[in-house]
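Student: From the sequence below, what's the structure:
(chains A, B, C, D and E)
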Amino acid sequence: MQGTKTTLCNLIQYNSGQYLIDNDLDIGQASEKLRPDCVNWINLETIKADEINELARYFNIHPLIVGDITDADLLPKFEVFEDMLFFSTKMLHYNSSEEEIIEEHLSILMSHNLLITVQEGLPGDVFDQLRGRLGAGKGLVRKYETDFLFYNILNSVLDNYLLIVEKLRLKSEQLEVKMLANNSENVVSTIVKIKRDIQTLRTYTLPMREALVKMKVDGSSFIKPSSINYFQDLQDNLQYLITSFETSREMLKDLLDIHRSNQNMEMNKIMKTLTIISAIFIPLTFIAGVYGMNFRYMPELDANWGYFFVMVLMVLVATIMTIYMRLKRWF
Amino acid sequence: MQGTKTTLCNLIQYNSGQYLIDNDLDIGQASEKLRPDCVNWINLETIKADEINELARYFNIHPLIVGDITDADLLPKFEVFEDMLFFSTKMLHYNSSEEEIIEEHLSILMSHNLLITVQEGLPGDVFDQLRGRLGAGKGLVRKYETDFLFYNILNSVLDNYLLIVEKLRLKSEQLEVKMLANNSENVVSTIVKIKRDIQTLRTYTLPMREALVKMKVDGSSFIKPSSINYFQDLQDNLQYLITSFETSREMLKDLLDIHRSNQNMEMNKIMKTLTIISAIFIPLTFIAGVYGMNFRYMPELDANWGYFFVMVLMVLVATIMTIYMRLKRWF
Amino acid sequence: MQGTKTTLCNLIQYNSGQYLIDNDLDIGQASEKLRPDCVNWINLETIKADEINELARYFNIHPLIVGDITDADLLPKFEVFEDMLFFSTKMLHYNSSEEEIIEEHLSILMSHNLLITVQEGLPGDVFDQLRGRLGAGKGLVRKYETDFLFYNILNSVLDNYLLIVEKLRLKSEQLEVKMLANNSENVVSTIVKIKRDIQTLRTYTLPMREALVKMKVDGSSFIKPSSINYFQDLQDNLQYLITSFETSREMLKDLLDIHRSNQNMEMNKIMKTLTIISAIFIPLTFIAGVYGMNFRYMPELDANWGYFFVMVLMVLVATIMTIYMRLKRWF
Amino acid sequence: MQGTKTTLCNLIQYNSGQYLIDNDLDIGQASEKLRPDCVNWINLETIKADEINELARYFNIHPLIVGDITDADLLPKFEVFEDMLFFSTKMLHYNSSEEEIIEEHLSILMSHNLLITVQEGLPGDVFDQLRGRLGAGKGLVRKYETDFLFYNILNSVLDNYLLIVEKLRLKSEQLEVKMLANNSENVVSTIVKIKRDIQTLRTYTLPMREALVKMKVDGSSFIKPSSINYFQDLQDNLQYLITSFETSREMLKDLLDIHRSNQNMEMNKIMKTLTIISAIFIPLTFIAGVYGMNFRYMPELDANWGYFFVMVLMVLVATIMTIYMRLKRWF
Amino acid sequence: MQGTKTTLCNLIQYNSGQYLIDNDLDIGQASEKLRPDCVNWINLETIKADEINELARYFNIHPLIVGDITDADLLPKFEVFEDMLFFSTKMLHYNSSEEEIIEEHLSILMSHNLLITVQEGLPGDVFDQLRGRLGAGKGLVRKYETDFLFYNILNSVLDNYLLIVEKLRLKSEQLEVKMLANNSENVVSTIVKIKRDIQTLRTYTLPMREALVKMKVDGSSFIKPSSINYFQDLQDNLQYLITSFETSREMLKDLLDIHRSNQNMEMNKIMKTLTIISAIFIPLTFIAGVYGMNFRYMPELDANWGYFFVMVLMVLVATIMTIYMRLKRWF
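Tutor: The predicted structure follows:
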């Protein structure tokens, strides 16, 4: 059924002078339209096996790569196949309403003047801004070759990582301010949630760093010496991300600290109240104990005013102690 | 009404030999006075839409830039438009009397030998010192070209960021010393306030870092190779700022620690006092309990001196315990 | 018995054009098959003394090296002998089912176009992936010379170190999330176990870093200037590992913190319950004390309803206190 | 009165071949003695306004500089005036007997082959060692020109900063060891004092860092390219200083931690003692309570040995509890 | 007596072709044997004043250096005298049986092709390995000149520093594991001891870092440009050492934390037991109090079974409470 439906893709061709965009081409058409004097960027929004196989047929892609493109659980990796460089990673979006990270599998194939991106095709595209800049001819992006486009794509991906880290950080800080103001009940689950989100980011960032290092070593024939600085820049961003994870871990630890400290305060308040109760009644009980003694000669016991006097004494003691504690602001 | 009033601006023109300053020119006059043998710096102190539109007409500014100049909520960003480079950021002042950070939107436009700055026009100008150095011909500032002026402007902006960070740090340290001396009541709100100020700084610093990195990549045609070191210097300052935020976060955490520890001490003092009261009365209550027993044969009970003796005994026990605790410096 | 059995090894020969693999050669055959136009890689899976001696005879290996190859307790080290470079290290695998690190002694000998690896021969080989890449001619690995093969081998070893660190980190984080959810009993032993694993990694990482530095200084004649960057890359990875150990130490410390905090919470809950019991009974005991006083004139004592009234009063006091504490959510 | 008294200064002249020193010259004489083939170093030990004005007359110093030289409260700064470079900083000495930091204002003026230093003239000179090396012709100091002398002067200043940081660190560590041994009373004031000293160092270090960065940018015409490394070295030292401040802050925080932990221990010991007292008396009071019950049928009450027996029982209970706690090492 | 006895020293001479070693030469003989085509290394194992004076006579050493060589309390320093470079440092050994650091004063003198080392002559020599490598001609050591020998000597010294740091770290970690297993009594003294050892290392490391920086500046004429990387390597090692000190400080702080936490646990256990005792007896005392009331109408009091019933009630209450607490695992 899907075999008959031709897979549609999007082709962008540009050099310093011109910029062409074709939407909804089928792959065969796209493969015929490639121009040697341009950077050709084909974007495919599906990872279904048969559609990727069709792509592989037209562009002579190694079967191992096909497997990696369709495997949405693959960790970021880098591989060189003869005349083609393969980079697989994850695009991450933060869904603010659901407060969860959405993952989208992205594969990048690069040969001489051809770059193919294959994404899962979830709504929301990180490449819109890049396409806009290419179209407007803004920046240097159109003067450089395929490797620079590759850099820009990875950079767009990483920018989103940074955005998510900042969003999680902001969330943590807002939580912190709220917790400092008053004792909120169920922060542990929120903290654990942020911890898991950070862990998700980490899971993809570390292999991406590995892949980039490997690319510098093994993929050097695909990267012009003049572009090496840009890839250094990517590595710096990844390093910054990894450092951010540590910082976030620290922040969440501080949140837990505040939470525990809040709980402790609460607990202490209870203990204080109970101890105050005890401290007031213990002297009173002592007084009662004194007049409960069975000495034959205890003049107060025989006096008519004795009981009344002791009751007044007790009230007095209790009142003075309460006033004293109040003045000292103990409760 | 404002359409008829011509927007006034300030034009500075200099090269290594001369320095000209014209205040309160209208934009048309300024655009005619531009000299090709000088660096021309136009400063405008308004972000009202119609005045910026006038500016755009005379200097052929892209409509997208006009939108960014007038949007005071814009985060720092960098963009290249054909022959013009656009950098938007925030100037921050610290109002010491109100203890709050004042934000002022700043846009910088740079083409070959023309630099236009547009600020919101709040009182207090971070550029006075720079103008003074240009006028006095001090430093190297007049020997270099437009990109160096651009660097000096951004540097003035960043210097103020550093000043604020230092001020907040000083404030934290003074608070810490005060808290170590005695237990102050309401420090949490002050700490939260400083936290928010740091957060404000962070909000603008991170995109500024991003913008600068992008500028190194995309704006390289506007920056002479000999100036690249100065922009590196800006990045170092930004990095230093970001590190400072972490340090500040640590410091504020320490303040919270001291606060909690102070509260704990207070609480402990109360608990100790209450426990001492209990500890003194419990043996006395025991003695009273003993002579409250109903044994038929308890010789003391029948003695006339019994009651007196027990009262003296109780006073003795209480006194000895009190003296012992006092000697041990328990209270 | 073993003297008659010839030691078997595996020989890989490749250059940019060809790739030959011979399994189960005896050492004598391998030594005759060496080709000057190829990189020759001999892999031996035994560290038994007599087999290594046989290897030494054929390839003229210094007796000191033989000692080091057979000593499985040797810490990573580097040594240069005339025309041969010797690098000894440990391969580490993480056995997920047993949750323990398995160590395997690895010695690398390198002369002009010959590289000999000697490993203990435990199941599981870190070099499979490398052989695959050599065979497929993927990456740059076949274009470079012996020093690049050496780099790739050490890199495979280090990749496993990184894998283990990540696995331990993941384990710690899962433990943390579990501990935040509920109070688990025996986490200290798990923490101590992870601590020991990290310590094992550290034990081999630090001397390896030392060995690499020494290699850069003393082994420079074996490393082509064009390969120096790859060795720098190894050092970066080692540095990253060492940093990870510190991070892990921090994480485990946090785990201990959570554990102690959990224990504290538990303890506090007990103390609170006990204190609540005391606080409820102390006023009741006081009331009982009052009516245990021996005053002659205490009207309630003589009333028939006295006892009943006091019992009701006590129940009332206890109930009100309990309700109050309940409303305040003290228990 | 002071107008007639000529200001005395000290003139050192050297090149790689010779070294001349004149003490107690008046400024006029010094200005005549300047030799173009030497580095001329004039040192003035006063910051009184009229003496600096005299200096300004002879050496054509800008009035703004005169103001800065005489203003002892000036923070470190850097300024370039036409043919003269101005650097202002603070020399810091640590007075070990008074345990306080002594500040001394220092201004450095540098033109082609003339360097003028103006200091407040407190006893104790950081330049003695430098003069010694110049005189002995040791090191490279005499081969280099004015900028190298400038570097050496700033380096001597910074060396003293490092010395003070180390002294404060040592002081902290000695305090820590003392605090770990036994609970000392009044450490908070000592900690606050060290905190303030660190703050003083920080106050001067940060602007000095700023001034040096500015000098690299604006003063580049005064610094030979071959000397640039030395100034990098100064920046490294300043960076190390700034890092040390953070470390010191950490250390002092640890000290506070130990102090609080000591106080806590003390507090806990008291609470334990009091709780032990309560725990011993509560069972005894219970026993007394039992025999205070008014049951008609309580055989022990009527026995002659009853009272004696109960007293013995109480002593037994108390003794057994005390021995048990003792054996468990609870006190 | 010692004047007549000639001082004995050890002379090693080598170049890339040959290696000569003479033990127990007297200094005069050694000075005559120096060969211009070799690196000449004289090693003296004494710092007695008259023997050093004899050395100074033969090799024309500045009197100031003689003073520094014989002063075993001298901190590491660097000085250049005309044609001779002087570097003073401390060799540190860790005596594992006594668990203490042994210091040995080491002075290094270097001129063109002569290097003199003077050590205190304690047993145990850090140079044995270096001599072995020189003799065996292993590594590059014999191809390089005097400055490379100098580097190797300092490197041997630093390697021992690193060894000690690792040993102290291991000791700390073993202590930590032990402390986590059970509460050990007297760890504070061990921690303080390690703290002091780290402090000793720090005392020598910081001036050594200073001396090396100074050497790069002032001693550059003695170091060939090709050797500069090796000295950079020394600085990296020193920097690593300094970082290790901070890490060690952190670790020891963690140890103290665990110790305090252990003590706290112990304390909490005691408090819990005492509180449980109180909580059990307080309700019982209340019951006794109830039947100690003097109401005329209390039917239980007159019943024969009253006393027995109350005693059973009390035993029941105590048993139920104990079982409940036991089930809840409170003790």
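
Student: I'd like to know how many residues surround residue A:39.
Tutor: Residue A:39 is flanked by 23 other residues according to other Cβ atoms under 10 Å in any protein chain shown. All C-beta spots, glycine's among them, are computed from the backbone N, C-alpha and C.

Student: got a list of what it touches?
Tutor: Residue A:39 makes contact with A:13-15, A:113, A:115, A:145-146, A:149 under the criterion Cβ atoms under 8 Å, 6 or more residues apart in numbering or on different chains.

Student: Spatially, what comes nearest to it if we skip its sequence neighbours?
Tutor: Excluding the flanking residues, the one nearest residue A:39 by Cβ to Cβ, 6 or more residues apart in numbering or on different chains is residue A:146, at 5.2 Å.

Student: ok, that neighbour touching residue A:116?
Tutor: No. Counting by Cβ atoms under 8 Å, residue A:146 does not reach residue A:116; the two are 10.7 Å apart.

Student: Which residues are in contact with each of these two?
Tutor: In terms of Cβ under 8 Å, 6+ apart, residue A:146 and residue A:116 are both contacted by the residues residue A:110.

Student: Give the buried residues for the least confident helix or strand in chain A by mean pLDDT.
Tutor: Lowest by mean pLDDT, DSSP states H and E among the helices and strands of chain A is helix A:128-136, with a mean of 79. Going by neighbour count (16 or more other Cβ atoms under 10 Å in any protein chain shown), the buried part of helix A:128-136 is A:130-131, A:133-134, A:136.

Student: which residues touch whichever residue of chain A sits closest to chain C?
Tutor: Going by Cβ to the nearest Cβ, chain C is nearest to residue A:288 of chain A, at 3.2 Å. For residue A:288, the contact set (Cβ under 8 Å, 6+ apart) comprises A:310, A:314, C:286, C:289-290, C:292-293.

Student: got the residue ranges for the helices in the stretch 151-300 of chain A?
Tutor: Secondary structure of the stretch 151-300 of chain A (DSSP state H, counting those that start in this stretch): helices at A:187-218, A:228-290, A:299-302.

Student: Using PDB, write out every CA atom in the helix or strand just after the shortest one.
Tutor: By that I understand helix A:299-302. Downstream of helix A:299-302, the next assigned helix or strand under DSSP states H and E is helix A:306-327. Extracted in PDB, the C-alpha atoms of helix A:306-327 (Å, rounded to 0.1, in the frame of the first residue of the first chain):
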ATOM      1  CA  GLY A 306      -5.500  25.900 101.300                       C
ATOM      2  CA  TYR A 307      -7.000  24.400  98.300                       C
ATOM      3  CA  PHE A 308      -8.000  27.800  96.900                       C
ATOM      4  CA  PHE A 309      -4.600  29.200  97.500                       C
ATOM      5  CA  VAL A 310      -2.800  26.300  95.800                       C
ATOM      6  CA  MET A 311      -5.100  26.600  92.800                       C
ATOM      7  CA  VAL A 312      -4.400  30.300  92.500                       C
ATOM      8  CA  LEU A 313      -0.700  29.600  92.900                       C
ATOM      9  CA  MET A 314      -0.800  27.100  90.100                       C
ATOM     10  CA  VAL A 315      -2.700  29.500  87.800                       C
ATOM     11  CA  LEU A 316      -0.100  32.100  88.700                       C
ATOM     12  CA  VAL A 317       2.800  29.900  87.900                       C
ATOM     13  CA  ALA A 318       1.300  28.800  84.600                       C
ATOM     14  CA  THR A 319       0.500  32.400  83.700                       C
ATOM     15  CA  ILE A 320       3.900  33.800  84.600                       C
ATOM     16  CA  MET A 321       5.700  31.000  82.600                       C
ATOM     17  CA  THR A 322       3.400  31.600  79.600                       C
ATOM     18  CA  ILE A 323       3.900  35.400  79.700                       C
ATOM     19  CA  TYR A 324       7.700  34.900  80.000                       C
ATOM     20  CA  MET A 325       7.800  32.500  77.100                       C
ATOM     21  CA  ARG A 326       5.700  34.900  75.100                       C
ATOM     22  CA  LEU A 327       7.900  37.800  75.800                       C
END
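
Student: Against which helices or strands is helix A:306-327 packed?
Tutor: Applying 3 or more Cβ pairs under 8 Å, 6 or more residues apart in numbering or on different chains; DSSP states H and E, one finds that helix A:306-327 contacts helix A:228-290, helix A:299-302.

Student: All set, thanks.
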